[in-house]
Each structure stands twice: as structure tokens, then as C-alpha cells.
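Visitor: whatever this is, show me its structure:
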Amino acid sequence: MRALVPTQKFERAYRKFVRKNPSLQIKLDNALQQLRLDAFSPSLGTHKLSGKLFGLFACSCGYDCRIVFSIEKEQLTSQEFIVLIDIGTHDEVY
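Guide: Numbering: from 1, shown residues only. Below is the predicted model of the structure:
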């Protein structure tokens, strides 16, 4: 299990996305929980990104909702954590 570390950009985008789509909040929270437990769960459809987002990953949390993140490792403990970078529709995050 990895810890989730949201960036300020992610937190702002999350609040904005939930404000526009309040019915999706439970689905988003479930996707974040699943991401925490297993970032490569088939239900998330996690995939590597290319181009300007090379080195990052994205997963789906609904029909037109994507979470962009990276997996980092703490040097001292070698513990992995997930940095949440952005959330939004396909066109907003790519």
C-alpha cells in the first residue's frame, strides 16, 4: 500500500471537478482508494504517458475522468508513494 501525496494543483483541480460533477465524488474517492491499494489494478486502467507527460502515469476514474500521477520512492526508507498531479477530463489533463 502506497501513501497518496496530492500536489496543490491536484487539490484545486479535485475541488473544481467535484463542484462541477458532485455525483462523481464517491466514484473519485473509490478510485483514489483503489489507487492507494493497487495502482495497477485492471479496474483503473493505469497506463504510462508519453510526450510532455513522459514518465507519468494516468488512470481512469469514470467515463471521462483521469488522474495523472507519478510513483516516487523515498531515499531513506525505500518506501514508495504516489504523487497526485492532476485530475479532470481527458482534454483537461492531456
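
Visitor: please count neighbours and contacts with C-alpha atoms only from this point.
Guide: Noted.

Visitor: three-state assignment of the residue sitting nearest the centre point of the chain?
Guide: The centroid of the chain falls nearest to I67 when counting by CA atoms, centre = their mean (3.3 Å). Secondary structure for I67, judged by DSSP: H, G, I helix; E, B strand; the rest coil, is strand.

Visitor: how about it: what's its closest non-neighbour residue?
Guide: Counting by CA to CA, 6 or more residues apart in numbering, the nearest residue to I67 once its immediate chain neighbours are dropped is I87, at 4.5 Å.

Visitor: for the host helix or strand of that neighbour, which outside residues touch it?
Guide: Element membership of I87 [criterion: DSSP states H and E] is strand 80-88. When contacts are taken as CA atoms under 8 Å, 6 or more residues apart in numbering, the neighbours of strand 80-88 outside the stretch itself are 2-7, 9-10, 13-14, 17, 36, 64-74, 93.

Visitor: ditto for stretch 43-55
Guide: Around stretch 43-55, the neighbours that count as contacts under CA under 8 Å, 6+ apart are 31, 34-35, 39-40, 56-61, 70, 94.

Visitor: for H90, give its distance to I67.
Guide: 9 Å (CA to CA, to the nearest Å).
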